[in-house]
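A.B. asks: my questions are about this predicted structure, shown below with the sequence.
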Protein chains: 2
Amino acid sequence: MTVDIFSALSDEEGRLSGLEKRLATLVLDDVDFVVKSSISDLAERAGVSPPTVTRFCRRLGCQGYQDFKVQLAKITYVGLRYLKPETPSTTPQEVAEDIVTKAQNALFQFHKQIDVAALDKAAHLLRGAEFIQAFGATGNSAMIVNELHNRLFRLDCRIHASNDHSMNIMLSAAARPGTVVVGSSITGRDLDLVQCFNLLRKRSIPTIALTQSGSPVAEAADVVITIDLPEGNNIFRPTATRYAYLATIDILANLVAYADRNRAVKVLRSIKEELVRYRDGDDRQVLGD
Amino acid sequence: MTVDIFSALSDEEGRLSGLEKRLATLVLDDVDFVVKSSISDLAERAGVSPPTVTRFCRRLGCQGYQDFKVQLAKITYVGLRYLKPETPSTTPQEVAEDIVTKAQNALFQFHKQIDVAALDKAAHLLRGAEFIQAFGATGNSAMIVNELHNRLFRLDCRIHASNDHSMNIMLSAAARPGTVVVGSSITGRDLDLVQCFNLLRKRSIPTIALTQSGSPVAEAADVVITIDLPEGNNIFRPTATRYAYLATIDILANLVAYADRNRAVKVLRSIKEELVRYRDGDDRQVLGD
DNA sequence: CGTGCGTGAAAATAAATTTCTTAAGTTTGT
DNA sequence: ACAAACTTAAGAAATTTATTTTCACGCACG
């Protein structure tokens, strides 16, 4: 994985000296320039000597200037804007770029924190379940659990997705052994979901949470898949965290499928067959367009 | 934007000479090595002379070896695996990484082809609509149009999302002037959607399609937002194209909001207020967790 | 039997790093 | 409180390393 040069650049806990701080600012300010320049260009522009630049790079954890440039280039496309002060994007072009970048950022950050063990454990729990309940409310999490439904029913899972708080309580109270409950909450402060989880724990029904670590929801669940991402503050913009959640669903679904491929492939095949028949033999569609 | 070194590397329409092809293979085979090495290391490993490497870089459109390395590093994180032959991922770790990478790839490719004009046009059409119908069926597109609903109702749009083919026909037949219809189809071969669009065109109701260019659905719509991405072939894996569609929704929603900020902010504020009140003053939640 | 392209050897240039030196600040001892 | 000893930051010059240019050779194709 890439050295995390960014956190280093942004401050480095005061380990940077005066001129080095100047360098850091310059670098963050114009990554493109740095990536294109030689050490002496950069030194000149920063008003320092080349050796200072070399030392700066080393302190950031790189081998030297070249390595530094490469590391920098690596994270240029993804991740850059996270450090820069939020410049509100206004033109349609900017809006589009910004949204895509944020989405990639979310995936990037998520990628660094994936808890494979938890995912795997959850997948096996799901694969073994006789019935799955998926709870998620108010838009974002609703989308996520509906998507979980959409993915898992194809893999021969019996699953129901519910987006209704009151229903969820009833469903929790009615759940029999053999049931596994998945709940999603981006903030982890969905207290109705906590209530469901508590009830389920008392009844020894296993629960899986997709949520923020250390949150009430996380505390209440048996298996916790944590997704901790910073939230943007543009109220006109849906949260980029959704992309990470969606990826989580995809990973989960894939792991469930792999946990018993034969079983999964059987259902997938018959769904496909039926779709093709229904659509008059047009085989070009994705499974579930 | 980054020079598209990848397409150059992968074939270059036969413009590469014998040794250069060898270099290209080596580079694709071990990007990490190249990115870390000096020109002479690379030359030695490829069994060529340093000048050949320099010429190779130039032919690929770079200024020299350093520039080449930087370009390469830029696209290392995103986009790389697209060129490599699909190695089936089996361990949970690999599955997770692969899904995230594919999702980022989808966003990356999407980013290069965004038709801002079409998006902007669509956004203004939506902002001006008295009522919006959103049609999308069979899972993937269903998620997308439901998400569109979830985004737009917050912005003071009157919108209904429907995932039912027969309903869609009825809704199309019933649509009055002032209505705008959005339809999503990943493959563009959703013939029921085409039928709806044809009906709507006859009745002069404007339509917006999110779909593949040149497809039947695209032909039948007034405004076409094209999303053309290669499909993976792992049947256990949902299509990564969904991430691009989701980004499209986010962009659309943001543009609709910006088309009349005051109007949008008013509704957003009252939704927020109501949520905070309902949740006992906990203000930390995302709008619609 | 040229002409042109691909190639490498050697030379020239450019880039980066090391070493050495100085200066400025910090700590410690009296 | 002051100075000596130490530490750290920084650059100049020297050195090393890397890259590119130039030039010459050889092979393929007309």
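C.D. replies: Everything's here; your move.
A.B. asks: where along chain A do the helices fall?
C.D. replies: Using DSSP state H, the helices found in chain A span residues A:5-10, A:18-29, A:31-36, A:39-46, A:50-59, A:65-74, A:92-113, A:116-128, A:140-152, A:165-174, A:191-202, A:216-220, A:241-259, A:261-278.
A.B. asks: out of the ones you listed, which is closest to B:Leu210?
C.D. replies: With CB to CB, the closest approach to B:Leu210 among those belongs to helix A:92-113: 14.0 Å. Yep, even glycine has a C-beta here, placed from its N, CA and C like the rest.
A.B. asks: now the closest one - C-alpha only, PDB.
C.D. replies: What follows is helix A:92-113, C-alpha atoms only, in PDB (Å, rounded to 0.1, in the frame of the first residue of the first chain):
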ATOM      1  CA  PRO A  92     -21.900  21.600 -13.600                       C
ATOM      2  CA  GLN A  93     -18.400  20.400 -14.600                       C
ATOM      3  CA  GLU A  94     -17.100  21.100 -11.100                       C
ATOM      4  CA  VAL A  95     -20.100  19.400  -9.400                       C
ATOM      5  CA  ALA A  96     -19.600  16.300 -11.500                       C
ATOM      6  CA  GLU A  97     -15.900  16.100 -10.800                       C
ATOM      7  CA  ASP A  98     -16.300  16.800  -7.200                       C
ATOM      8  CA  ILE A  99     -19.000  14.100  -6.700                       C
ATOM      9  CA  VAL A 100     -16.900  11.500  -8.500                       C
ATOM     10  CA  THR A 101     -13.800  12.400  -6.600                       C
ATOM     11  CA  LYS A 102     -15.600  12.300  -3.300                       C
ATOM     12  CA  ALA A 103     -17.100   8.900  -4.200                       C
ATOM     13  CA  GLN A 104     -13.600   7.600  -5.000                       C
ATOM     14  CA  ASN A 105     -12.300   9.100  -1.800                       C
ATOM     15  CA  ALA A 106     -14.900   7.300   0.200                       C
ATOM     16  CA  LEU A 107     -13.900   4.000  -1.500                       C
ATOM     17  CA  PHE A 108     -10.300   4.800  -1.000                       C
ATOM     18  CA  GLN A 109     -10.700   5.500   2.700                       C
ATOM     19  CA  PHE A 110     -12.900   2.500   3.100                       C
ATOM     20  CA  HIS A 111     -10.400   0.300   1.400                       C
ATOM     21  CA  LYS A 112      -7.800   1.200   4.000                       C
ATOM     22  CA  GLN A 113     -10.100   0.100   6.900                       C
END
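A.B. asks: domain parsing for chain A?
C.D. replies: According to automatic domain parsing, chain A comprises the domains A:5-76, A:113-275.
A.B. asks: residues of chain A that sit close to DNA strand C?
C.D. replies: Proximity of chain A to DNA strand C is confined to A:38-40, A:50-51, A:53-54, A:57, A:63-67, A:69 under the rule CB under 7 Å from any atom of the strand.
A.B. asks: around DNA strand D, pick out the residues from the stretch 51-200 of chain A.
C.D. replies: Counting by CB under 7 Å from any atom of the strand, the stretch 51-200 of chain A sits next to DNA strand D at A:Pro51, A:Thr52, A:Gln66.
A.B. asks: mind putting the residues you listed into a markdown table with distance to chain B and pLDDT?
C.D. replies: Listed next are those as a markdown table, based on distance: CB to the nearest CB, whole Å; pLDDT from 0 to 100:
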| residue | distance to chain B | pLDDT |
| --- | --- | --- |
| A:Pro51 | 20 | 91 |
| A:Thr52 | 20 | 89 |
| A:Gln66 | 7 | 91 |
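A.B. asks: find me the pLDDT at A:Asp29, would you?
C.D. replies: The model reports A:Asp29 with a pLDDT of 79.
A.B. asks: for A:Val70, see how far away it is.
C.D. replies: Taking CB to CB, to the nearest Å as the measure, A:Asp29 falls 19 Å from A:Val70.
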